[in-house]
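1. Predicted model and sequence below, questions to follow.
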Amino acid sequence: MPFDRSAMAARVAQDIPEGWFVNLGIGMPTMVADHIPPEREVIFHSENGILGMGPAPAADAVDPWLINAGKQPVTLVPGASLFHHADSFAIIRGGHLDLCVLGAFEVAANGDIANWATSENDSAPAVGGAMDLTAGARRLWVLMEHTTKDGKPKLVEACSYPLTAAGVVSRVYTNLAVLDVVKGRGFVLVEAAPGVGVEEIRARTAAPVALPG
Amino acid sequence: MIDKIKRDMAEAMAGIADGATVLLGGFGSVGQPDALIEGLIEQGAKDLTVVANNAGTGRTGLARLMELGRVRKIVCSYPRSAGSVVFEELYRAGKIELEIVPQGTLAERIRAAGAGIPAFFTPTAAGTRLGQGKEAREFQGRLCVMETALFADVALIEAWQADRWGNLTYRGSGRNFNPIMATAAKLTIAQAQHILPLGGIAPDAVITPGVFVDRVIQVDRGAPWA
């Protein structure tokens, strides 16, 4: 049985050790934080100037002065800090984030990622912080469905959508598998979802999938 | 006696010229200088270049300024937020120019302007469509593109506390672009929720030193949303 969305987020969380500074992208990556056990200190960053971001507040405890990059209300954990946008992106671009987890339209076997514009003709796409995060974080992991809703592979030989950054993805978590992106080897299977076979993963991937070793 | 506090909005907004480049603080509605944007609408300057993270939502504030045809060009990282209807309409009709800039590059171009750095190289956007046409060089084995400082005529920002010298503090995630925008404009105008007597903000607590601020107006904005 493939991983569901919650299991996918939990699988990413399992690989994040204590002490890492982590930025989670909008959408499914945000769910990763909910699967970090409370006793494991992982420090979450938000582009709009927060380190030590906590979970969403209860409806009656919302602080309207405190939102995340997705413009949703958030909380601060003890030890949190606030700073301006240039410092926030110095944290990102300066290589001070251990990890960024983003969604993507496509990831290529050479680590290219496309996750900001759906077409070359889209003249007003919204890039936000995606290009800074992909260029700046020390590790970039992608969390996404293995294929589109129509069954089209999202792990590909070369991205067809405009690139967000070239050669930066080191790992991909999908509903079917966990795969490393290895220079010179492409996608290497780390783990298949329970009950999912290598042949199914290969059939749904538009690039070779190597086995570990 | 130095007194940057202005008592009425017309006085606070005086002198903004047609064709000005205007920085607007805020991320989402937090730290957004709503009252100053209304003041700018009243003030009447047109043919503006607006620099902000987003391209306005709904039909008020920045969206209203655009709908009135006063914005020639917008420089932002994320023009398509939920509810960016006015921008969408104007953009489709070819009535507004767009320069899309990665968020961190936008912040750094503003910071660089305030710090007297005319240009810098960054790996962000290298090898992508947004890096095309820019001077590219390799540093430490990494391809980078040259980005130029974003100098402005006016910055409109929101602060939490201010004093008559223009020292400012911010609240929560309301800091965002405000402190860097304060440094990058010839004329920086801040709306602040609270005015304290000089010395009322502890020197250790000042985030934006008054040197970067020209005018302050007190505005009871209340919660930025909800």
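-> Alright, I've got the coordinates. None of the values given here were measured: they were computed from a predicted structure. Numbers count the residues shown, from 1 in each chain, chains lettered A, B, ... in the order given.

2. Can you name the element that comes right after the helix or strand of chain B with the lowest mean pLDDT?
-> Lowest mean confidence among the helices and strands of chain B (mean pLDDT, DSSP states H and E): helix B:85-92, at a mean of 94. Next in sequence after helix B:85-92, counting helices and strands by DSSP states H and E, comes strand B:97-100.

3. Now do the buried residues in the least confident helix or strand of chain B.
-> B:86-87, B:90-91 (16 or more other C-beta atoms under 10 Å in any protein chain shown). Where you see a C-beta, it was placed from the backbone N, CA and C, and this is true even at glycine.

4. what separates A:Pro64 from B:Glu138, distance-wise?
-> In this view, A:Pro64 and B:Glu138 are 45 Å apart by C-beta to C-beta, to the nearest Å.

5. go on, B:Arg221?
-> 47 Å.

6. who's more crowded, those two?
-> A count of neighbours by other C-beta atoms under 10 Å in any protein chain shown puts B:Arg221 above the other of B:Arg221 and B:Glu138, at 17 against 10.

7. Touching, the more buried one and B:Gln193? I think so.
-> Yes. Assessed by C-beta atoms under 8 Å, B:Arg221 is found in contact with B:Gln193 at 5.8 Å.

8. Show me how far the helix or strand hosting A:Ala135 is from its chain's centre.
-> Assigned by DSSP H and E, A:Ala135 falls within helix A:130-136. Its chain's C-alpha centre and that of helix A:130-136 lie 11 Å apart, by C-alpha atoms, centre = their mean, to the nearest Å.

9. can you tell me the average pLDDT over that helix?
-> What helix A:130-136 shows for mean pLDDT is 98.

10. for stretch B:49-62, same thing?
-> 95.

11. got the CA coordinates for it in PDB?
-> Output of stretch B:49-62 as PDB, limited to C-alpha atoms (Å, rounded to 0.1, in the frame of the first residue of the first chain):
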ATOM      1  CA  THR B  49       7.000  52.100  -9.500                       C
ATOM      2  CA  VAL B  50       5.900  50.100  -6.500                       C
ATOM      3  CA  VAL B  51       8.200  47.600  -4.800                       C
ATOM      4  CA  ALA B  52       6.400  45.100  -2.500                       C
ATOM      5  CA  ASN B  53       6.400  41.400  -1.800                       C
ATOM      6  CA  ASN B  54       2.900  40.900  -3.100                       C
ATOM      7  CA  ALA B  55       0.800  42.700  -5.800                       C
ATOM      8  CA  GLY B  56      -2.100  43.600  -3.500                       C
ATOM      9  CA  THR B  57      -5.300  41.700  -2.600                       C
ATOM     10  CA  GLY B  58      -9.000  42.600  -2.800                       C
ATOM     11  CA  ARG B  59      -9.800  46.200  -4.000                       C
ATOM     12  CA  THR B  60      -8.300  48.300  -1.200                       C
ATOM     13  CA  GLY B  61      -4.800  49.500  -0.400                       C
ATOM     14  CA  LEU B  62      -2.200  48.700  -3.000                       C
END
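
12. could you dump the least confident helix or strand of chain B to PDB, C-alpha only?
-> This file holds the C-alpha atoms of helix B:85-92, laid out as PDB (Å, rounded to 0.1, in the frame of the first residue of the first chain):
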ATOM      1  CA  VAL B  85      -7.800  40.300  -8.800                       C
ATOM      2  CA  VAL B  86      -6.800  43.800  -9.700                       C
ATOM      3  CA  PHE B  87      -3.300  42.900 -10.600                       C
ATOM      4  CA  GLU B  88      -4.500  40.000 -12.700                       C
ATOM      5  CA  GLU B  89      -7.000  42.300 -14.600                       C
ATOM      6  CA  LEU B  90      -4.400  45.000 -15.200                       C
ATOM      7  CA  TYR B  91      -1.700  42.500 -16.100                       C
ATOM      8  CA  ARG B  92      -3.900  40.700 -18.600                       C
END
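
13. related to what we said a few turns ago, is the helix holding A:Ala135 up against chain B anywhere?
-> Yes. Applying C-beta under 8 Å from any C-beta of the partner chain, one finds helix A:130-136 touching chain B at A:130-132, A:135-136.

14. could you redo the residues you listed as TSV and give each row neighbour count?
-> Shown next, in TSV, are the residues of helix A:130-136 next to chain B (neighbours: other C-beta atoms under 10 Å in any protein chain shown):
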residue	neighbour count
A:Ala130	29
A:Met131	29
A:Asp132	31
A:Ala135	27
A:Gly136	26
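
15. In JSON lines: the residues you listed, plus distance to A:Ile113.
-> Shown next, in JSON lines, are the residues of helix A:130-136 next to chain B (distance: C-beta to C-beta, whole Å):
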{"residue": "A:Ala130", "distance to A:Ile113": "9"}
{"residue": "A:Met131", "distance to A:Ile113": "10"}
{"residue": "A:Asp132", "distance to A:Ile113": "13"}
{"residue": "A:Ala135", "distance to A:Ile113": "10"}
{"residue": "A:Gly136", "distance to A:Ile113": "13"}
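
16. which one among these gets closest to A:Val196?
-> A:Ala130 (29.0 Å; C-beta to C-beta).

17. For stretch A:96-115, what does the pLDDT average out to?
-> Stretch A:96-115 comes out at a mean pLDDT of 98.

18. What are the buried residues along that stretch?
-> By 16+ other C-beta under 10 Å, the buried positions in stretch A:96-115 come out as A:97-115.

19. just the CA coordinates of that stretch, formatted as CSV?
-> The C-alpha coordinates for stretch A:96-115 follow below in CSV (Å, rounded to 0.1, in the frame of the first residue of the first chain):
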residue,chain,number,x,y,z
HIS,A,96,22.7,28.2,7.6
LEU,A,97,19.7,26.0,7.0
ASP,A,98,20.4,22.3,7.4
LEU,A,99,17.4,21.3,5.3
CYS,A,100,14.6,22.7,3.2
VAL,A,101,11.7,20.5,2.2
LEU,A,102,9.6,21.6,-0.8
GLY,A,103,7.0,20.3,-3.1
ALA,A,104,7.7,20.2,-6.9
PHE,A,105,6.1,19.8,-10.3
GLU,A,106,9.2,17.8,-11.5
VAL,A,107,12.5,16.6,-10.2
ALA,A,108,15.1,15.4,-12.7
ALA,A,109,17.7,12.6,-12.4
ASN,A,110,20.5,15.3,-12.2
GLY,A,111,18.8,17.0,-9.2
ASP,A,112,17.2,19.8,-11.1
ILE,A,113,13.9,21.0,-9.6
ALA,A,114,11.0,22.8,-11.3
ASN,A,115,8.4,24.1,-8.8
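
20. does it come close to chain B?
-> No. No part of stretch A:96-115 sits near chain B under the criterion C-beta under 8 Å from any C-beta; the closest distance found is 8.7 Å.
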